[in-house]
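1. What would the 3D arrangement of this be:
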Amino acid sequence: MNVLLDTHVLLWTLADSRKLSPAAVRVYQNPGNVIYVSAASFWEIGIKISLGKLSLHTANWTGELGKELELNGIRWLPIELAHCALVATLPFHHRDPFDRLLVAQALHEGMALMTADAALAAYEIKVVW
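-> Predicted coordinates for the structure are as follows:
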């Protein structure tokens, strides 16, 4: 299964957090699954750092996160024109622009979305949690 990580799940995963559900841990650790992170998540992290809502304790957070992605076999998902176009057609079950883009990417790419945000289950995507 191809799985797209929500931004908070990416951060929890790389921090070896106990916040992940048992089902999320099983899916993440299953070598048969391919795990992806969206460019939108790095954009969201950058905005949260600039607003003082997130601290990653390094000035080179993009490089450090990039290394962690590589070490953990997490693949990069760029933002494509088709993803942006799909956002415009989504119902407003959720208003967060980053989450809406992740939903559009998961839909377009046929991926499950790993998220603790129960509101995202209102979209026609497979949610892993």
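
2. average pLDDT for the helix or strand harbouring residue 46?
-> Counting by DSSP states H and E, the element that carries residue 46 is helix 39-50. Taken as a whole, helix 39-50 has a mean pLDDT of 96.

3. Point out the other helices and strands that that helix packs with.
-> Applying 3 or more C-beta pairs under 8 Å, 6 or more residues apart in numbering; DSSP states H and E, we find helix 39-50 packed against helix 7-14, helix 61-71, helix 97-109. C-betas here are computed from N, CA, C, even on glycine.

4. would a markdown table of these with mean neighbour count, mean pLDDT and distance to residue 122 be doable?
-> Output for the helices and strands packed on helix 39-50, formatted as a markdown table (neighbours: other C-beta atoms under 10 Å; pLDDT from 0 to 100; distance: least, C-beta to C-beta, whole Å):
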| stretch | mean neighbour count | mean pLDDT | distance to residue 122 |
| --- | --- | --- | --- |
| helix 7-14 | 21 | 93 | 18 |
| helix 61-71 | 14 | 92 | 29 |
| helix 97-109 | 21 | 98 | 9 |
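
5. Turn these into TSV, including distance to residue 37.
-> Converted to TSV, the helices and strands packed on helix 39-50 look like this (distance: least, C-beta to C-beta, whole Å):
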stretch	distance to residue 37
helix 7-14	5
helix 61-71	6
helix 97-109	10
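
6. Ok, which of those helices comes nearest residue 40?
-> When these are ranked by distance to residue 40, counting by C-beta to C-beta, first place goes to helix 97-109 at 4.6 Å.

7. relative orientation of the closest one and helix 39-50 in degrees?
-> Per axes from the mean of the first three to the mean of the last three C-alpha atoms, to 10 degrees, the angle that helix 97-109 makes with helix 39-50 is 170 degrees.

8. can you list the residues that contact helix 97-109?
-> By C-beta atoms under 8 Å, 6 or more residues apart in numbering, the residues outside helix 97-109 that reach it are 2, 4, 6-7, 36, 38, 40-41, 43-44, 77, 79-80, 82-84, 86-87, 90, 94, 111-113, 115, 117, 120, 123-126.
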